[in-house]
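Participant: 3D, please:
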Amino acid sequence: MSRSGSPSFTLAFARATGHIAPMTEMPRAFPAATVADFEQTVLAASREKPVLVDFWADWCGPCKALEPILERIQAQLGDQLSIVKVNADEEAGLAGQLGVRGLPTLLLFSDAQPVGQLVGVQPDGNILALIAPYLVSTADKLVRAGLECRERGEVAEAQRLLGEAITLEPDNSTALRALIPLEAVAGNLEQARQLHGQLIRTDRESSWGEALATLIELAQRAADRSDLSALRTRLDQQPDDHDARSALAACHMMGGDHRQALEELLELLRRDKGYDNDLPRRGLLAVFELAGEHSELSNDYRRKMAAALH
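Facilitator: Got it, this is the predicted structure:
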C-alpha cells in the first residue's frame, strides 16, 4: 500500500488524523499471505471454508484496534473460518489489484471469489453478518462428502454420511433429497418414506417432492414384481400391459439401468399419458432425479418426453 499519491491511507494523512500507532509488529496470531502464495493460502482454501483477509499496515492504528475483534471472531467460529493477514505496504500490488483503498480493509473470499468487504474498524456483529451466509456447517461437510461418495458409487458410505448430516440437521433438504433415492433403491422403502415425509415438512415448496414420492412408488412396484424375464414375456404377448411395463421400468431403475428405465417409461407415456395418475411423466421425472437432473442422459430423455407430450 503506497503512502504517497494513492487513494489509500497515506503516511501524511495517518499522522494528521492520529492513525499512527507505535512502529511495532502486528501480533502473529493469524497467518500472513503474500502475492506469491495468495492463490493457495486464500483462493484455494476458500473452496473449503470462507477466508477473511485483513489488509493492514504497521503505521495503522485502527488496524491494531481491529486485531482483538478478529481474535474473538476466530475463537467463536473455530475451524469454520480462516483469517489471513496481508501487509498492505509490503504487498501494495496485491492490495491495489483487489481494490483496497483504505485500512484496515476486510475482504471475504468464498469458492475462490471475493464476496464481501468492510473498511475500517468494525464491531463483531458487522463482521459476523458478512461471514454468516458463507459458513459451512459440519452437516454441510458431511453432505458434500456423501455426495462425492455417491458419485464414486460408494453407496453405503454415502448413506452413512448423509444420515449423519440429517441427524445433525434434520431439516437439511440437500441431505434428505440425496438420501431418499439411495434408500429407495436399496429397498429400504419405509426409511425412504419417513425421509420423504421429513423433506415435505421441512420444505413444503420443494419441487423434488413429487419426483421422490414417485421414485418410492416405483421402488415398491419393483419389489412386488421383480422377475424381469416374466415381465418382458408379458409385454411381448401384450404390449399394452401398462402394469407390466411400469413394473419393468421400476426393475430397471432399481438395477441401476437408468437408460432402459427411461425408455420403458417413455414408451408408456406414448401409449397412455394418463396411466395411473400420470405415472409415465412422474416416473420420468423421478428417474431424472436418480440419474442426475442435469446429466446428459436426463437432458436427452427430457427432450424426448417433451416431444411425446406435445
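Participant: in the protein, which residue is closest to the centre?
Facilitator: Geometric centre of the chain, nearest residue: residue 144, 6.9 Å, by CA atoms, centre = their mean.
Participant: Which strand or helix spans that residue?
Facilitator: helix 138-151 (DSSP states H and E).
Participant: Report the distance from that helix to the chain centre.
Facilitator: 9 Å (CA atoms, centre = their mean, to the nearest Å).
Participant: cool, stretch 272-288 as well?
Facilitator: 29 Å.
Participant: Go ahead and confirm residue 84 touches residue 53.
Facilitator: Yes - counting by CB atoms under 8 Å, residue 84 touches residue 53, with 5.1 Å between them. All C-beta spots, glycine's among them, are computed from the backbone N, C-alpha and C.
Participant: out of the two, which sits in the busier spot?
Facilitator: residue 53 (26 against 20; other CB atoms under 10 Å).
Participant: Can you tell me the element that one falls in?
Facilitator: Using DSSP H and E, residue 53 falls within strand 51-56.
Participant: Would you mind listing the residues touching both of residue 84 and residue 53?
Facilitator: 33, 42 (CB atoms under 8 Å, 6 or more residues apart in numbering).
Participant: tell me what the strand holding residue 53 is packed against?
Facilitator: Judged by 3 or more CB pairs under 8 Å, 6 or more residues apart in numbering; DSSP states H and E, the packing partners of strand 51-56 are helix 61-77, strand 82-87, strand 105-110.
Participant: Next, format the ones you listed as a markdown table and append mean pLDDT and distance to residue 279.
Facilitator: Listed next are those as a markdown table, based on pLDDT from 0 to 100; distance: least, CB to CB, whole Å:
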| stretch | mean pLDDT | distance to residue 279 |
| --- | --- | --- |
| helix 61-77 | 96 | 48 |
| strand 82-87 | 98 | 50 |
| strand 105-110 | 98 | 42 |
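Participant: and those as a markdown table, adding distance to residue 37?
Facilitator: Supplementary listing: these in a markdown table, determined by distance: least, CB to CB, whole Å:
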| stretch | distance to residue 37 |
| --- | --- |
| helix 61-77 | 20 |
| strand 82-87 | 10 |
| strand 105-110 | 14 |
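Participant: care to break this protein down by domain?
Facilitator: 11-134, 137-206, 207-310 (automatic domain parsing).
Participant: any idea how far the first one is from the chain center?
Facilitator: With CA atoms, centre = their mean as the basis, the distance from the averaged C-alpha position of domain 11-134 to the chain average is 26 Å.
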